[in-house]
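**Q** next input, structure requested:
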Amino acid sequence: MALSVVILAAGQGTRMRSSLPKVLHPIAGKPLVQHVIDTARKLGSESLHLIYGHGGEAVKEIIDGEDCSWVKQEQQLGTGHAVIQALPNLNDDDSVLILYGDVPLIKASTLTDLMEAIPSKGISLLTVKLSDPTGYGRIVRDSEGAVTAIVEHKDATVEQHKIDEVNTGIMALNASDLKRWLGQLTNENAQGEYYLTDVIGMASSEGHSVVGIIAADELEVEGVNNRIQLAKLERHYQSLQALELMSCGVTLSDPSRIDIRGDVDIAQDVSIDIGAILKGKVSIGSGSVIGANCILENCTLGNNVTIKDNSIVEDAIIGDDSSVGPFARIRPGTILKEDVHIGNFVEVKKSTIAKGSKAGHLSYLGDCEIGENVNVGAGTISCNYDGKNKHKTILEDDVFVGSDTQLVAPVRVGKGVTIAAGTTVTSDVSAGALVISRTKQREIANWKRPKK
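**A** Model prediction:
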């Protein structure tokens with residue numbers, strides 16, 4: 001049987017107090033519903049149906065949902081009504097998994113267990129045990145452990161209030177059964193809504209089994225209804241990421257002070273200090289050290305790389321044994337080869353710097369091609385922009401650039417050139433030369449400094 005996944009993501013989320021649709025609020029830099037979609041994709045589903053409503057155009061614009069069937073719920077009349085919108089897209093012999101766009105941490109392994117537990121002509125229901133189940137629908141089981149009912153908190157007896165197992169709303173069942181039961185739904189309740197959970201009672205009344213699968217982690221199935229819950233799940237997600245890194249041989253100075261906002265591949269014996277943020281696709285080689293308060297985004301770091309405190313590396317490649325920072329910024333398009341040193345308050349953009357070269361202090365290198373064993377002195381800048389176009393600066397191997405040099409691109413400096421401090425280079429320089437451009441120093445005796 002083919003698997004169809006239905007994700008409910010139409011609610012406004014008024015308790016978020018936001019103009020942004022609830023399901024677009026991020027955890028780890030990714031919208032809540034995107035987490036759910038990405039997890040659903042891991043299950044090998046034949047089709048994926050996203051029920052959207054409030055802020056639908058924004059959801060469509062932001063979400064990566066090219067493989068989704070977009071189903072609009074014009075009026076939000078309850079969870080049952082939301083699923084009804086998807087019924088025309090479901091084949092009768094499909095297995096259907098119903099998920100929620102505001103439950104971002106659900107695991108693929110948990111859902112696999114749920115799918116495998118679908119009984120013939122019945123329902124597998126995901127439940128969870130809570131230390132405080134107040135307000136949640138209680139799961140009532142018979143003597144053999146089968147689910148017989150979901151009793152809402154306000155309707156529960158004193159004994160039923162003692163039940164700590166509650167409904168998550170996530171369920172799996174056959175499409176033909178789902179269609180039949182949803183066709184029998186009514187909105188005869190205090191809220192005037194069509195509740196998906198009513199199909200549990202319908203299945204039971206027909207003598208069909210309802211199997212309850214208990215989730216191992218209550219936060220895995222917790223939904224986001226306000227910003228407090230959003231922050232809570234963010235920290236839980238980050239805690240899980242930190243535990244995974246440490247179990248793979250990464251040292252974290254404080255596991256509670258690292259944020260993973262993407263896909264990371266970190267080798268053994270990497271050390272990461274507090275306040276690091278890793279975004280997008282980040283790969284870090286063995287033996288590398290990441291200092292405090294660094295931001296790494298879509299970058300590849302080789303082995304034994306050191307990124308010192310308060311540095312930013314974005315869309316760049318850093319070679320083995322190189323060091324960056326502190327307070328350095330490596331911008332998109334930069335490639336640092338092996339054993340390159342970029343020091344404090346140095347910015348590098350769209351440049352390639354070859355093995356053994358260094359820029360230690362207070363420099364800007366943009367659109368540069370720098371050879372091996374080049375020394376760039378403090379205060380050097382490449383003047384790469386003429387107001388309309390960007391131009392390239394080329395420094396061949398073994399060039400020595402003195403402090404406070406301006407390299408006015410386009411310009412090529414030959415191998416072994418020495419550029420004297422304070423020079424403005426405006427023309428190509430021949431290999432092995434000394435280049436210097438300074439005005440003659442003058443002294444004016446007995447100079448009277450201006451006074452107010």
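
**Q** next, count neighbours for Phe400.
**A** For Phe400, the tally of surrounding residues (other C-beta atoms under 10 Å) stands at 16. For glycine as for every other residue, the C-beta is placed from the backbone atoms N, C-alpha and C.

**Q** can you check Thr127 too?
**A** Residues near Thr127, counting by other C-beta under 10 Å, number 25.

**Q** so which elements touch the helix ranked longest in the chain?
**A** What stands out as the longest helix in the chain, according to DSSP state H, is helix 227-247. With contacts taken as 3 or more C-beta pairs under 8 Å, 6 or more residues apart in numbering; DSSP states H and E, helix 227-247 sits against strand 26-27, strand 251-252, strand 258-266.

**Q** can you list contacts of the helix or strand following the first one?
**A** Once the chain leaves strand 26-27, the next helix or strand it forms, by DSSP states H and E, is strand 30-31. The list of residues contacting strand 30-31 from outside it, by C-beta atoms under 8 Å, 6 or more residues apart in numbering, reads 23-25, 38, 62-63, 261.

**Q** the longest helix of the chain: how far from the chain's middle?
**A** Going by C-alpha atoms, centre = their mean, to the nearest Å, the spacing between the C-alpha centre of helix 227-247 and its chain's C-alpha centre is 12 Å.

**Q** give the buried residues for it.
**A** Using 16 or more other C-beta atoms under 10 Å as the burial criterion, the residues of helix 227-247 that qualify are 229-230, 233-234, 236-238, 240-242, 245.

**Q** same check on stretch 430-438?
**A** Residues of stretch 430-438 classed as buried: Val435 (neighbour count, 16+ other C-beta under 10 Å).

**Q** and the contacts of strand 30-31 as TSV, adding pLDDT?
**A** Below are these laid out as TSV (pLDDT from 0 to 100):
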residue	pLDDT
Val23	94
Leu24	95
His25	96
Asp38	95
Ile62	92
Ile63	91
Arg261	97
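
**Q** leaving aside the residues next to it on the chain, what's closest to Ser131?
**A** Sequence neighbours aside, Asp164 is the residue nearest to Ser131 in space, at 7.3 Å (criterion: C-beta to C-beta, 6 or more residues apart in numbering).

**Q** test my guess that that neighbour contacts Val128.
**A** No. In this structure Asp164 lies outside contact range of Val128 using C-beta atoms under 8 Å: 9.2 Å.

**Q** the more surrounded of those two?
**A** The residue with more neighbours, out of Asp164 and Val128, is Val128; 24 against 14, by other C-beta under 10 Å.

**Q** just checking, what packs against the helix or strand harbouring the more buried one?
**A** When secondary structure is defined using DSSP H and E, the element that contains Val128 is strand 123-129. With contacts taken as 3+ C-beta pairs under 8 Å, 6+ apart, strand 123-129 sits against helix 108-116, strand 165-174, helix 198-205, strand 210-214.

**Q** can you list the buried residues in the first one?
**A** Same thing as helix 108-116. Neighbour-count burial for helix 108-116, with 16+ other C-beta under 10 Å as criterion, is recorded at 110-111, 113-115.

**Q** who touches it?
**A** Taking C-beta under 8 Å, 6+ apart as the criterion, the residues outside helix 108-116 that touch it are 3, 39-40, 42-43, 95, 97, 99, 124, 126, 170-172, 213, 215-216, 220.

**Q** for the residue nearest to Ser131, give me its contacts.
**A** Each residue near Asp164 by C-beta under 8 Å, 6+ apart is listed here: 129-131, 133.

**Q** so where's the stretch 351-452 of the chain shaky on pLDDT?
**A** Confidence mapping of the stretch 351-452 of the chain against pLDDT under 70 gives zero matching residues.

**Q** can you show me the helices along it?
**A** Defined through DSSP state H, counting those that start in this stretch, the helices belonging to the stretch 351-452 of the chain form an empty list.

**Q** can you show me the strands along it?
**A** Remark: strands assigned in the stretch 351-452 of the chain by DSSP state E, counting those that start in this stretch are 352-353, 358-361, 364-366, 368-370, 375-376, 381-383, 393-395, 400-401, 406-408, 411-413, 418-419, 424-425, 434-435.

**Q** in CSV, list the ones you listed along with distance to Gly343.
**A** Supplementary listing: those in CSV, determined by distance: least, C-beta to C-beta, whole Å:
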stretch, distance to Gly343
strand 352-353, 12
strand 358-361, 4
strand 364-366, 12
strand 368-370, 14
strand 375-376, 9
strand 381-383, 15
strand 393-395, 17
strand 400-401, 14
strand 406-408, 18
strand 411-413, 21
strand 418-419, 18
strand 424-425, 21
strand 434-435, 24
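
**Q** of all those strands, which one comes closest to Ala445?
**A** Minimum separation from Ala445 across the strands of the stretch 351-452 of the chain (C-beta to C-beta) falls at strand 424-425, 28.8 Å.

**Q** packing partners for that closest one?
**A** Contacting strand 424-425 under the criterion 3+ C-beta pairs under 8 Å, 6+ apart are the following elements: strand 406-408.

**Q** can you give me the buried ones in the strand it packs on?
**A** In terms of neighbour count (16+ other C-beta under 10 Å), strand 406-408 has its buried residues at 406-408.

**Q** what sits up against that strand?
**A** Under the contact criterion C-beta under 8 Å, 6+ apart, strand 406-408 has outside partners 368, 380-383, 393, 395, 401, 413, 423-426.

**Q** just among these, which is most surrounded?
**A** Neighbours were tallied for each of the contacts of strand 406-408 (criterion: other C-beta under 10 Å), and the maximum of 30 neighbours falls on Leu395.
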